[in-house]
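Student: only geometry, no sequence info:
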C-alpha cells in the first residue's frame, strides 16, 4: 500500500513537473516581447518603491532576494530588455537596484543600532528621573523639617546644611542628565533622529518613561523650588544659574529633534517647554541679583544698585575707584576701614565661593574679576596708614649713640682723673 | 585658330555631358535595417489619432478601422499595435481585427503595401514580436504564431517547427 502510495505520489510529481515545464516552455515561446518588457518594468518600479519604503532590515533583505529573482527571471531576455531600457542596460539596472538595496540595508542596520542606543539612553534617563524624584521628595521633607525645627538653633542649622547639600546633589544630577543627553545625541547624530522618526511609531516613542517627561519636569520643578525657598545664599543661586544655562543650551541643541521624536504635538510641546525654561530663567535671575545685592548690604558695603552683569561690574568698579580717591585725599582710619571691609568680603566671600560660577554663568568675566583685584591691591597700598617705625628706629639709634657717647666720655674723664 | 574653332563644339558637348552625369549622381545607403525591437501599443484619441512619441510617428487609424468594420462614425478601436519591420514597412493591427496591414511610409503618407488576412473571426489578443528575418504575429489567446513579411504570411511558426523536426 505504502509502495503504491509512493509510486502514485512520484508519478504525480513527475506529471506536474512535466506539465509545468511544457507549459512554461510553450508560454516562453509565445510570450509577447512587449509584455515581457512591461512586466519587467513593472517589477523594477515595484522594487524601487519597496526600497523607498522599507523600514526594517528583514524587509530590505526580502527586497534583495526579489532583485535576485528578477535577475534570474529576466537574464534570458536581457537582449530584449537592453533595447527596451536603452541607454541603460539590464545589468546596469540590476546593479543599481542591488546598490540601493545594500545601501538601504546599511542605513537600516545603523538605525537599528541607534535605536538600541536610544533605548539604553532612555533607561539611563529614566533612572536619572527616579533619582531626581527621590531627591525632590527628600528636599521637600527637609524643608518641612526646617519649618518645624525653628525652636532649636543647632538643629535648624544642621537641617539647613542638609537641605543645601541636597539641592547641590540635585543640581549635579541635572548636570549629569544634560551631559548624558548631549553626549548621546551627539553620538547618535541629530539627523539620525529624523530617520528614526520614520521607522518608529509615535506611540512607541511617546511613552510615560520618555526623557521628554524629565525635560518638562526639570524647569517647572526648579521654579517651584525657587519659589518655595527664601533662605538660599548667592552661591546657591549662582550654582542654579549655571544649571539653568546648561539646560537651556542643551535644549536649544536638541529640543526640536527631541520633541519631534517624542511628542505627538511637537510644536506645542516645544513651545510649552521653552516657556517653562524662560519662566525658570526669569525667576532665578530676579532672586539671584536681589540676593547678591543683599549680601553686599549685609557686609555694610554700599555699592550702587545692580540687576545684571554690566551694572554689577560698574557698581564694584565705582566703589573701589571711589575708595581709592578717598584714600588718596585722606589717609585716615575711616578709609582704611572701608578698604578692609571690602577686601575682606571680596577675598573671603566673593573669590572663595562665587567666582567659579560667576565666570561660568558670565555674571562677571575673569578679566573683570582681575581688574577689581588689581584695583583692590592698589587701594591697599594707598589706604594703609603711614608707619612710625622709621622714626622709632631713628630715635632708638640716636639714644644708643648718646648713651655710648656718654659712656665713652665718662671713661675718658676717669682716666684723666 | 581654325583648329580651335573646329574643336569648340566638341569641347562644349564634353562639358555638357560631364554636367549631366554629375546631376544624375545620387547617394544610396544599402542594407538599412529599420526593425523596431519592441512593438508599440498606442491608444487613439477621440478623433482616432495615435501618436508614437518615442519613434516620432503620428497618424489617424480611422482608415484602418473602416477597412475592418466599415464604420468610422466613432472610434471603436481601443488599442493599436504596431511594429516596423526590417525593410521599413509598418505592420499594424488591433484587437478584433482580422487583418494585419503592412504600410509603406511615403511623404506624409502611409500607403497600404499588403493586407494580410489572419482569421475571419479576428484576433482578440494580438501582439507583434521582432524576429531576425520576419515579424512574428502572436495570438495570445490561442498561442498561435504567424511569420509575417511584406508579402504576407509565410507560414506559422508551428509549421516551421514541425518542418524542422521532420
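Tutor: Happy to help now that I have it. Since the model is a prediction, treat every value here as computed from it, not as a measurement.
Student: So what's the gap between stretch A:131-144 and the chain middle?
Tutor: Here stretch A:131-144 is found 23 Å from its chain centre; the criterion is CA atoms, centre = their mean, to the nearest Å.
Student: can you list contacts of that stretch?
Tutor: A:159, A:162-163, A:166-167, A:169-170, A:173-174, A:177, A:214, A:217-218, A:221, A:225, A:228-229 (CB atoms under 8 Å, 6 or more residues apart in numbering or on different chains). Every C-beta, even on glycine, is put in place using the N, C-alpha and C of the backbone.
Student: and if you look at stretch A:303-310?
Tutor: A:289, A:292-293, A:296, A:311-312, A:314-316, A:318-319, A:362-364.
Student: Among those residues, name the buried ones.
Tutor: A:289, A:292, A:293, A:296, A:312, A:315, A:316, A:319, A:363, A:364 (16 or more other CB atoms under 10 Å in any protein chain shown).
Student: low pLDDT regions in chain B?
Tutor: Filtered on pLDDT under 70, chain B yields the residue ranges B:1-25, B:155-166.
Student: one step back: can you list the buried ones among the contacts of stretch A:303-310 in JSON lines and add secondary structure and pLDDT?
Tutor: Output for these, formatted as JSON lines (DSSP: H, G, I helix; E, B strand; the rest coil; pLDDT from 0 to 100):
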{"residue": "A:289", "secondary structure": "helix", "pLDDT": "94"}
{"residue": "A:292", "secondary structure": "helix", "pLDDT": "93"}
{"residue": "A:293", "secondary structure": "helix", "pLDDT": "92"}
{"residue": "A:296", "secondary structure": "helix", "pLDDT": "92"}
{"residue": "A:312", "secondary structure": "helix", "pLDDT": "93"}
{"residue": "A:315", "secondary structure": "helix", "pLDDT": "93"}
{"residue": "A:316", "secondary structure": "helix", "pLDDT": "93"}
{"residue": "A:319", "secondary structure": "helix", "pLDDT": "92"}
{"residue": "A:363", "secondary structure": "coil", "pLDDT": "92"}
{"residue": "A:364", "secondary structure": "coil", "pLDDT": "93"}
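Student: Name the nearest of the residues you listed relative to residue B:35.
Tutor: residue A:363 (86.2 Å; CB to CB).
Student: Surely that closest one is in contact with residue A:313?
Tutor: No - if you go by CB atoms under 8 Å, residue A:363 and residue A:313 don't touch, sitting 9.2 Å apart.
Student: for chain A, what are the nearby residues on chain B?
Tutor: Proximity of chain B to chain A, by CB under 8 Å from any CB of the partner chain, involves residues B:37-39, B:41, B:81, B:127-130, B:138, B:140, B:143, B:145, B:157.
Student: how about the helices in chain B?
Tutor: B:2-24, B:62-69, B:157-165 (DSSP state H).
Student: how near is residue A:403 to chain B?
Tutor: 132 Å (CB to the nearest CB, to the nearest Å).
Student: Of all the residues in the helix or strand hosting that residue, which ones are buried?
Tutor: Per DSSP states H and E, residue A:403 falls inside helix A:389-416. When neighbours are counted by 16+ other CB under 10 Å, no buried residue of helix A:389-416 is found.
Student: what's the spacing between that helix and its chain's center?
Tutor: Per CA atoms, centre = their mean, the centroid offset for helix A:389-416 relative to its chain is 78 Å.
Student: Quick one: list the elements packing against that helix.
Tutor: Here helix A:389-416 touches no other helix or strand, going by 3 or more CB pairs under 8 Å, 6 or more residues apart in numbering or on different chains; DSSP states H and E.
Student: any idea how far the residue in the stretch 101-250 of chain A that chain B sits nearest to lies from residue B:127?
Tutor: The nearest approach of the stretch 101-250 of chain A to chain B comes at residue A:101, 27.4 Å away (CB to the nearest CB). Counting by CB to CB, to the nearest Å, the separation of residue A:101 from residue B:127 is 32 Å.
Student: Of the buried ones among the contacts of stretch A:303-310, just say which sits nearest to residue A:250.
Tutor: When the buried ones among the contacts of stretch A:303-310 are compared against residue A:250 (criterion: CB to CB), the nearest one is residue A:363, at 20.0 Å.
Student: now the closest one, nearest residue through space, not along the chain?
Tutor: residue A:309 (5.4 Å; CB to CB, 6 or more residues apart in numbering or on different chains).
Student: do residue A:267 as well
Tutor: residue A:259 (7.7 Å).
Student: Test my guess that residue A:241 contacts residue A:288.
Tutor: Yes - contact criterion CB under 8 Å: residue A:241 and residue A:288 qualify, at 5.7 Å.
Student: Can you work out which residues contact both of the two?
Tutor: Common neighbours of residue A:241 and residue A:288 (CB under 8 Å, 6+ apart) are residue A:363.
Student: Around the residue lying closest to residue B:54 once chain neighbours are set aside, how many other residues sit close by?
Tutor: Among residues not flanking residue B:54 along the chain, residue B:40 sits closest, at 7.1 Å (CB to CB, 6+ apart). Counted with other CB atoms under 10 Å in any protein chain shown, the neighbours of residue B:40 add up to 20.
Student: check contacts around the residue of the stretch 301-417 of chain A found nearest chain B.
Tutor: Residue nearest to chain B within the stretch 301-417 of chain A (CB to the nearest CB): residue A:362, separated by 68.1 Å. By CB under 8 Å, 6+ apart, residue A:362 lies in contact with residue A:309.
Student: Longest helix in chain A, please.
Tutor: helix A:90-148.
Student: any idea of the mean pLDDT in that helix?
Tutor: Mean pLDDT, helix A:90-148: 77.
Student: And stretch A:334-349, by the same measure?
Tutor: 87.
Student: got a list of contacts for it?
Tutor: Outside stretch A:334-349, the residues that reach it (CB under 8 Å, 6+ apart) are A:295-296, A:299-301, A:319-320, A:323, A:326-327, A:372-373, A:376, A:379-380, A:383-385.
Student: Now the buried members of those.
Tutor: A:295-296, A:299, A:301, A:319-320, A:323, A:326-327, A:372, A:376, A:379, A:383.
Student: Residue A:212: neighbour count?
Tutor: Applying other CB under 10 Å, I find that residue A:212 has 21 neighbouring residues.
Student: ok, then the element right after whichever strand or helix holds it?
Tutor: Assigned by DSSP H and E, residue A:212 falls within helix A:211-228. Next helix or strand after helix A:211-228 toward the C-terminus (DSSP H and E): helix A:234-262.
Student: Show me what that next one is packed against.
Tutor: Helix A:234-262 packs on helix A:153-188, helix A:190-199, helix A:211-228, helix A:266-298, helix A:355-360, going by 3+ CB pairs under 8 Å, 6+ apart.
Student: buried stuff in the shortest one?
Tutor: Neighbour counts over helix A:355-360 (16+ other CB under 10 Å) mark A:357, A:358, A:359 as buried.
Student: How about the last one: what's its closest non-neighbour residue?
Tutor: Residue nearest to residue A:359 in three dimensions, not counting chain neighbours: residue A:366, with 5.3 Å by CB to CB, 6+ apart.
Student: Quick check: that neighbour touching residue A:358?
Tutor: No - between residue A:366 and residue A:358 there is no contact under CB under 8 Å: 9.1 Å.
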